[in-house]
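*Asks:* Have a look at this prediction, sequence included:
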Amino acid sequence: MKSTVKTLLTVLAGIVAIALTLTACSPPAEEENAGGPIQVNTAQGPVTIKGTPKRIVTLGAQWIDTALAFGVKPVAYLDNIQILTGAPSPWTADKLDGATALDPENLVAEIAKADPDLILAEGYMPTSQPENFKKIKDIAPTIPGVTGKQVDPWQDLVKLMGTLLHDDAKAQQITDDVNGKIADLKKSLPGLAGKTYAMAYMYSADQIQVMADPNDGAAYLFNELGMTVAPKLLAQFQKTKNPRFPISTENIPMLDADVLIITANTPALKKALAKLPGYSDLTSVRSGAVANMSLADISGINQPTPLAIPYLLDKLEPAFAKAAK
């Protein structure tokens, strides 16, 4: 299943087209605490989960981290960050010890072997992996994404997980804790309000992937801090309605912003990036407000989770502080 790996990797670059409608959960109020059935409406049809799931398979880092935030270890998982970097994300650490890492080349058979009662999949799977998705949803109830956006907002995943586990109080606690950390940083750096940011990933010698949609799931953190997308990237998004797109290296000036969050696919590309014409003239570079991230870090920003955000706030704080002066 080489196409599975390719699809997982393109989540980072943002080249995934998702066509899901808004997902809605409708647990019967009188049965919720008793573990009654829950219906989740998706573009693939309604999905009914009976009782509280005990054996959950998570496909994608966002679902993995969301489950772990609830103290639920998936019986098996497919981690796009681990596939990309060769190691689990630093904020996940050893929390997955004892769980089965799924082989993307033998995905369906390994999911079946895990004997799940719930499968949580990324939103792109029904359209990019229709045959696999059809087989997987026959194994156990399968929820493909939440909102239909290229990146689901982390708090929507937390809310749904709370519903599925019949633990809305825990979902609220997780959300409040993460939002509290964001609020603390915002309070400590009042000058950050109104500043602009650019997030970019140099994945080849002549192409840089950018995020430009202010309503993207990856933009939530920056929105909460009162920041806005780099003007030239925002203008391109408003023109094309494409939330994530590649720019050529000659268009480095489009990344001009108060803060630059950036990574590259290899160390060699990172060095090449710093030498590109126009890079040294960027506002963020001149002020030192550049957050040079690892592939795992940028994945966590690109697909935020309740575990990734607190970890990444510490790594982003120095660049934020420079821009807030």
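*Replies:* Received, thanks.

*Asks:* May I have stretch 65-76 as PDB, with CA atoms only?
*Replies:* Output of stretch 65-76 as PDB, limited to C-alpha atoms (Å, rounded to 0.1, in the frame of the first residue of the first chain):
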ATOM      1  CA  ASP A  65      -3.100  12.200  20.700                       C
ATOM      2  CA  THR A  66      -6.700  12.800  21.400                       C
ATOM      3  CA  ALA A  67      -7.200   9.300  22.700                       C
ATOM      4  CA  LEU A  68      -4.000   9.500  24.800                       C
ATOM      5  CA  ALA A  69      -5.200  12.800  26.300                       C
ATOM      6  CA  PHE A  70      -8.200  10.900  27.700                       C
ATOM      7  CA  GLY A  71      -5.900   8.300  29.100                       C
ATOM      8  CA  VAL A  72      -7.000   5.800  26.400                       C
ATOM      9  CA  LYS A  73      -4.300   3.800  24.700                       C
ATOM     10  CA  PRO A  74      -5.300   2.600  21.300                       C
ATOM     11  CA  VAL A  75      -5.000  -1.100  20.700                       C
ATOM     12  CA  ALA A  76      -3.400  -0.300  17.400                       C
END
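
*Asks:* Which parts of this protein are helices?
*Replies:* For the chain, the helices defined by DSSP state H occupy 2-13, 61-69, 80-85, 107-114, 125-128, 130-137, 154-164, 168-188, 220-224, 231-240, 267-274, 283-287, 295-302, 308-324.

*Asks:* and these, which is most packed in?
*Replies:* Greatest average neighbour count among these goes to helix 61-69 (a mean of 27), per mean count of other C-beta atoms under 10 Å. The C-beta positions use only the backbone N, C-alpha and C, and glycine is treated the same way.

*Asks:* What is the burial count for P243?
*Replies:* 20 (other C-beta atoms under 10 Å).

*Asks:* Equivalent analysis for D115, please.
*Replies:* 12.

*Asks:* cool, W91 as well?
*Replies:* Neighbours around W91, by other C-beta under 10 Å: 21.

*Asks:* who's in contact with the closest residue to it other than its chain neighbours?
*Replies:* Sequence neighbours aside, Y311 is the residue nearest to W91 in space, at 4.0 Å (criterion: C-beta to C-beta, 6 or more residues apart in numbering). Listed by C-beta atoms under 8 Å, 6 or more residues apart in numbering, the contact set of Y311 reads 90-91, 300.

*Asks:* pLDDT and distance to W63 for these - can I get that in a markdown table?
*Replies:* Below are these laid out as a markdown table (pLDDT from 0 to 100; distance: C-beta to C-beta, whole Å):
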| residue | pLDDT | distance to W63 |
| --- | --- | --- |
| P90 | 94 | 18 |
| W91 | 96 | 15 |
| G300 | 93 | 14 |
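
*Asks:* now the residues you listed as JSON lines including distance to A235?
*Replies:* Below are the contacts of Y311 laid out as JSON lines (distance: C-beta to C-beta, whole Å):
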{"residue": "P90", "distance to A235": "35"}
{"residue": "W91", "distance to A235": "34"}
{"residue": "G300", "distance to A235": "27"}
